[in-house]
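Peer 1: below are the sequence and a predicted model; questions follow.
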Amino acid sequence: MFTRVIRSINNLFKSPNHFEYPEEARVIPRDQHSISRKQISRSALKVMKILNEGGFEAYLVGGGVRDTLLGGNPKDFDVATDATPEQVRKLFRSARIIGRRFRIVHVRFGREIIEVTTFRANHDSAANSTESRQSKEGMLLRDNVFGDLRSDALRRDFTVNALYYSLDGFTLHDYTDGMSDLENRLIRMIGDPQTRYQEDPVRLLRAARFAAKLDFDIEPNTAAPIKELAPLLENISSARLFDECLKLFLGGYATATFKRLCEYELLTPLFPATAKRLQDGESIDQALLERVMQNTDRRLANEQRVTPAFILAALLWGPLQDALAQQDSKSPPAMRMHKASQQVIDAQLKHTAIPKRFLITMREIWDLQGRLPMRSGKRALRLMEHKRFRAAYDFLLLREAAGEDCQGLGCWWTEFQDATEERQTEMLEALPKPKRPRRRRRKPSGNSDKPAS
């Protein structure tokens, strides 16, 4: 105990760029940790058992271990082994090797997939450039240098993700003092944070996401470079950034995640137009996004369906207003909306990919915001039959709750949906009559008094 205290004190005074880890792991026996095999997927246990019987090491690692120790009930379990991807594939008929930058094996058990990775090593030990390659910014372009358990632990991102569970004695193996950080609720980078962020800038988002999900603090040295290095995310493919956005906003903790993204200026490389409006003090934008994130978390907690299109519609609603203001006021409203929507989408696709099915739904939600005020005659009843009406109505309510002046439209639609047919007729008759456009008198096509030549 005394030795650990001294080591902790020494770590406080180390240079941020000086990191030393023990050669041997701290082995935590079964009676000193809370993980039971009953909490672990049977498929994951089977994979570990078969690997062990084949003469290989096998450990449960990552979020499954972390969340189980925190009292959670994780659904995903990852296995790390000294077996190469080809050796793993030979042991499991349902195994499939995927990836080029980071080769892993998926072992399928019905609908469940167990991800198996081979121990990674440091890149300065790589002799073959085809297995390890970095960009000039320091980003890893290929990461297939295999190593041992210790090197694999030091290649993980955060200490709380580098805890290894073994079937041999049901012990935990800890090289980076991850258990202490778990107990102290800290997200701490393994190694030099700046170098590790440069290797994979998505770690910037992961730091914010884990801090939000677990309600942990980000350790000061780990947090310090985040704002400065946020622009590195521009080097990440738009498709990968979209996948990360799904994890950020659809994990059940979007409210806390959004707060962290704003705090560390990570929203800018993802949604630059949105971030600019927030930085300019657009309070309605801020209020709308906070309510949308809260609504998303609530729906997920209640096991209700959530579509990324709804969140995207909210994230880009502010920029859409800017684009609408630039349109020709003499153009028909539908044409203005179409052009503004396309302008916003074209700009956003340079940063994050958005699958077509979500783009279509997002545009329908936007279009209906302009149609919901047009309720006269049979329009209101027809609008209620639209497949996106409910999403558009919910979006309208959130706009009103955020302080946007919608002329009481949300209250009107709330009452109209539940009203009797007689009451609906009364409500429609009470609406102001739509003004008919004035017909212009046609000018004469020519001068009839002009003599023929």
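Peer 2: Arrived safely, thanks for sending.

Peer 1: please make it C-alpha for all contacts and neighbour counts, starting now.
Peer 2: Fine.

Peer 1: what residues are up against Asp181?
Peer 2: Taking Cα atoms under 8 Å, 6 or more residues apart in numbering as the criterion, Asp181 is in contact with 159-160, 187-188.

Peer 1: need those residues in CSV (columns: secondary structure and neighbour count).
Peer 2: Output for these, formatted as CSV (DSSP: H, G, I helix; E, B strand; the rest coil; neighbours: other Cα atoms under 10 Å):
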residue, secondary structure, neighbour count
Thr159, helix, 26
Val160, helix, 29
Ile187, strand, 28
Arg188, coil, 24
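
Peer 1: among the residues you listed, which one lies nearest to Asp78?
Peer 2: Closest approach to Asp78 among those (Cα to Cα): Val160, at 14.4 Å.

Peer 1: report the contact partners of the closest residue to the closest one other than its chain neighbours.
Peer 2: Leaving aside its chain neighbours, Val160 sits nearest to Gly178 (4.6 Å; criterion: Cα to Cα, 6 or more residues apart in numbering). Contact analysis of Gly178 by Cα under 8 Å, 6+ apart lists 159-163.

Peer 1: of these, which is the nearest to Ala223?
Peer 2: Taking those together and measuring to Ala223 by Cα to Cα, the closest member is Thr159, at 14.2 Å.

Peer 1: pretty sure that closest one is touching Gly191, no?
Peer 2: No. Proximity of Thr159 to Gly191 does not meet the contact threshold set by Cα atoms under 8 Å, at 9.6 Å.

Peer 1: any chance of the backbone angles for Glu20?
Peer 2: Backbone torsions of Glu20, given as degrees, to the nearest 10, read phi -130, psi 140.

Peer 1: sorry, that was for Ile98
Peer 2: Note on Ile98: backbone dihedrals following degrees, to the nearest 10 are phi -130, psi 160.

Peer 1: low-scoring stretches of the stretch 351-453 of the chain, by residue?
Peer 2: The stretch 351-453 of the chain contains residues with pLDDT under 70 at 434-453.

Peer 1: now for the contacts of Gly178: which two are most distant?
Peer 2: The most widely separated members of these are Thr159 and Leu163, with 7.5 Å between them, by Cα to Cα.

Peer 1: how about the strands in this protein?
Peer 2: Applying DSSP state E to the chain gives strands spanning 26-28, 58-61, 78-81, 95-98, 104-109, 112-118, 132-134, 140-143, 163-165, 172-174, 186-187, 217-218.

Peer 1: quick one: buried residues of the fourth one?
Peer 2: Using 16 or more other Cα atoms under 10 Å as the test for burial, strand 95-98 gives 95-97.

Peer 1: contacting residues around Arg298?
Peer 2: Contact analysis of Arg298 by Cα under 8 Å, 6+ apart lists Gly252.

Peer 1: what's the answer for Arg30, then?
Peer 2: Residues in contact with Arg30 (Cα under 8 Å, 6+ apart) are 169-172.

Peer 1: and Ile236, by the same measure?
Peer 2: Counting by Cα under 8 Å, 6+ apart, Ile236 has contacts 201-202.

Peer 1: give me phi/psi at it?
Peer 2: Backbone torsions of Ile236, given as degrees, to the nearest 10, read phi -90, psi 140.

Peer 1: and the gap between it and Leu267?
Peer 2: 14 Å (Cα to Cα, to the nearest Å).

Peer 1: could you do Lys38 as well?
Peer 2: The span separating Lys38 from Leu267 equals 40 Å under the rule Cα to Cα.

Peer 1: the more surrounded of the two?
Peer 2: More neighbours surround Leu267 than the other of Lys38 and Leu267, with 21 against 7 (other Cα atoms under 10 Å).

Peer 1: tell me the contacts of that one?
Peer 2: Contacts of Leu267 by Cα under 8 Å, 6+ apart are 261, 274-275.

Peer 1: per-residue confidence at Ser15?
Peer 2: For Ser15, the pLDDT comes out at 36.

Peer 1: tell me how this structure divides into domains.
Peer 2: Domains of the chain are assigned by the TED database as 19-184, 307-429.

Peer 1: of these, which is nearest Glu199?
Peer 2: domain 19-184 (3.8 Å).

Peer 1: before we move on, back to that, in JSON lines: the contacts of Gly178, plus distance to Gln424 and pLDDT.
Peer 2: What follows is the contacts of Gly178, written out as JSON lines (distance: Cα to Cα, whole Å; pLDDT from 0 to 100):
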{"residue": "Thr159", "distance to Gln424": "60", "pLDDT": "98"}
{"residue": "Val160", "distance to Gln424": "58", "pLDDT": "98"}
{"residue": "Asn161", "distance to Gln424": "57", "pLDDT": "97"}
{"residue": "Ala162", "distance to Gln424": "61", "pLDDT": "97"}
{"residue": "Leu163", "distance to Gln424": "62", "pLDDT": "98"}
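
Peer 1: identify, from those, the entry nearest to Lys49.
Peer 2: Nearest to Lys49, judged by Cα to Cα, of these is Leu163 at 18.6 Å.

Peer 1: Gly64 is in contact with the closest one, correct?
Peer 2: No. Counting by Cα under 8 Å, Leu163 does not reach Gly64; the two are 9.8 Å apart.

Peer 1: quick one: which of the two has more around it?
Peer 2: Between Leu163 and Gly64, Leu163 has the larger neighbour count (other Cα under 10 Å), namely 26 against 23.

Peer 1: what is the more buried one paired to in the beta sheet?
Peer 2: Asp174 (DSSP bridges).

Peer 1: tell me how far it lies from Leu154.
Peer 2: Distance of Leu163 to Leu154, given as Cα to Cα: 11 Å.

Peer 1: ditto for Arg388
Peer 2: Applying Cα to Cα to Arg388 and Leu154 gives a distance of 48 Å.

Peer 1: any chance of the contacts of Arg30 in a markdown table, with distance to Gln407, neighbour count and pLDDT too?
Peer 2: Output for the contacts of Arg30, formatted as a markdown table (distance: Cα to Cα, whole Å; neighbours: other Cα atoms under 10 Å; pLDDT from 0 to 100):
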| residue | distance to Gln407 | neighbour count | pLDDT |
| --- | --- | --- | --- |
| Gly169 | 67 | 10 | 94 |
| Phe170 | 63 | 16 | 96 |
| Thr171 | 63 | 20 | 97 |
| Leu172 | 60 | 25 | 97 |
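
Peer 1: which of the strands of the chain sits most buried?
Peer 2: Comparing the strands of the chain by mean neighbour count (mean count of other Cα atoms under 10 Å), strand 58-61 ranks first with a mean of 27.

Peer 1: which secondary structure elements does that one contact?
Peer 2: helix 42-53, strand 78-81, strand 163-165 (3 or more Cα pairs under 8 Å, 6 or more residues apart in numbering; DSSP states H and E).

Peer 1: how far is that strand from where the chain is centred?
Peer 2: 26 Å (Cα atoms, centre = their mean, to the nearest Å).

Peer 1: same question for stretch 82-91.
Peer 2: Using Cα atoms, centre = their mean, the offset of stretch 82-91 from its chain centre is 31 Å.

Peer 1: show me which positions of it end up buried.
Peer 2: For stretch 82-91, a neighbour-count test (16+ other Cα under 10 Å) marks 82-85, 88-89 as buried.
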